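**Q** Make a model of this:
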Amino acid sequence: MKKFFSEFKKFISRGNVMDMAVGTIIGAAFTAIVTALSNGILKPIINMVLYYCFGGNKDALSKMYTVLVPVMKVEEGVEILDLANSIYIDWGAFISAIINFLLIAFVLFLIIKAFNNIKDSAENAKNLEKKIEFKQSKGIKLNNKEAAYVAEQARIKEEEAKKALEPKPEPTPDPVVVLLEEIRDSLKK
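**A** Numbering: from 1, shown residues only. As a prediction, the model looks like this:
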C-alpha cells in the first residue's frame, strides 16, 4: 500500500500532471468565454438570419425550430406555440454549438502551433550547435549561417561578461529605515 501511494505521489508531483491541470482549467475558462459569445451574440444573430431567410413574418419564427411535440397557448385570443413547454429542435443552438467547436479547435490549433514552433526552433538551435562543434573539431570551414551564429553567441557572451564586470549600483535605502536610523541617532545624542 505504501508503494502505491509513493508512486501516486511521484505521478502527481511530475510537471506534466500539473501542466495538464493548468491546461484543463484554462481550457474550461476559455470554453465558457466561447459559449457565452456563441449563446449571447452568435445564436441570436443566427436565429435572426434564419428568420429573414424564411420570410421574416410571424410564421417564420416557427420555422427556426423543428417542433416535435407542440404545446399551444392562448394569448389575447390567439393560439401561439409555447416554446417553453414544447419539445423542439433548436437549429440556432445546433449551429451555435458547431461554431463553438470550430472556434475552440482553431484557438487550440494556434496554441499548439506556437508551442511546436518554439520547440522546433530550440531543437534547430541545438542541432546547429552540435553541427558547428563537430565542424570546428574536424577543422571544417563553417558556412555563412553557422559563422553568423558563432559570432552572435560570442557577442552575447561578451555582453554578459561586461555586465558581470560592471559595478552594481548600490541599492537605494528604504526611506522608512533611513528615518528610523535618524530618529535612533538623534535619541542617542
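
**Q** Show me which positions of stretch 30-40 end up buried.
**A** 34, 38 (16 or more other C-beta atoms under 10 Å). For glycine as for every other residue, the C-beta is placed from the backbone atoms N, C-alpha and C.

**Q** Could you give the average pLDDT over stretch 119-127?
**A** Averaged over stretch 119-127, pLDDT sits at 82.

**Q** Quick one: distance of it to the chain centre.
**A** How far stretch 119-127 lies from its chain's middle: 23 Å, per C-alpha atoms, centre = their mean, to the nearest Å.

**Q** what does stretch 110-121 give?
**A** 13 Å.

**Q** which regions of this structure lie under the pLDDT threshold?
**A** By pLDDT under 70, the low-scoring segments of the chain are 11-18, 56-64, 92.

**Q** Tell me where it has strands.
**A** Ranges of strands in the chain, per DSSP state E, are 65-69, 72-75, 78-81, 87-90.

**Q** wait, doesn't Asn39 sit right on Ala97?
**A** No - contact between Asn39 and Ala97 fails when scored by C-beta atoms under 8 Å: they sit 9.6 Å apart.

**Q** now the top helix by length along the chain against strand 65-69, angle please.
**A** Across the chain, the longest stretch assigned as helix under DSSP state H is helix 91-138. Counting by axes from the mean of the first three to the mean of the last three C-alpha atoms, to 10 degrees, helix 91-138 points 120 degrees away from the direction of strand 65-69.

**Q** helices or strands next to helix 91-138 in the packing?
**A** helix 15-37, helix 43-53, helix 144-165 (3 or more C-beta pairs under 8 Å, 6 or more residues apart in numbering; DSSP states H and E).

**Q** separation between Ala122 and Glu170?
**A** 38 Å (C-beta to C-beta, to the nearest Å).

**Q** Which one's more surrounded, those two?
**A** Neighbour tally, Ala122 and Glu170, criterion other C-beta atoms under 10 Å: the higher count belongs to Ala122, 10 against 6.

**Q** among the helices and strands packed on helix 91-138, which is nearest Phe8?
**A** helix 15-37 (10.5 Å; C-beta to C-beta).

**Q** export the closest one as PDB, just CAs?
**A** Extracted in PDB, the C-alpha atoms of helix 15-37 (Å, rounded to 0.1, in the frame of the first residue of the first chain):
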ATOM      1  CA  GLY A  15       5.400  18.600 -14.100                       C
ATOM      2  CA  ASN A  16       3.300  17.000 -16.800                       C
ATOM      3  CA  VAL A  17       0.400  16.400 -14.500                       C
ATOM      4  CA  MET A  18       0.500  20.000 -13.200                       C
ATOM      5  CA  ASP A  19       0.700  21.400 -16.700                       C
ATOM      6  CA  MET A  20      -2.300  19.200 -17.700                       C
ATOM      7  CA  ALA A  21      -4.300  20.600 -14.700                       C
ATOM      8  CA  VAL A  22      -3.500  24.200 -15.600                       C
ATOM      9  CA  GLY A  23      -4.400  23.500 -19.200                       C
ATOM     10  CA  THR A  24      -7.700  21.900 -18.200                       C
ATOM     11  CA  ILE A  25      -8.600  25.000 -16.000                       C
ATOM     12  CA  ILE A  26      -7.600  27.400 -18.800                       C
ATOM     13  CA  GLY A  27      -9.500  25.300 -21.300                       C
ATOM     14  CA  ALA A  28     -12.600  25.300 -19.200                       C
ATOM     15  CA  ALA A  29     -12.400  29.100 -18.800                       C
ATOM     16  CA  PHE A  30     -11.900  29.600 -22.500                       C
ATOM     17  CA  THR A  31     -14.800  27.300 -23.300                       C
ATOM     18  CA  ALA A  32     -17.000  29.400 -21.000                       C
ATOM     19  CA  ILE A  33     -16.000  32.500 -22.900                       C
ATOM     20  CA  VAL A  34     -16.700  30.900 -26.300                       C
ATOM     21  CA  THR A  35     -20.000  29.500 -25.100                       C
ATOM     22  CA  ALA A  36     -21.100  32.900 -23.800                       C
ATOM     23  CA  LEU A  37     -20.100  34.500 -27.100                       C
END
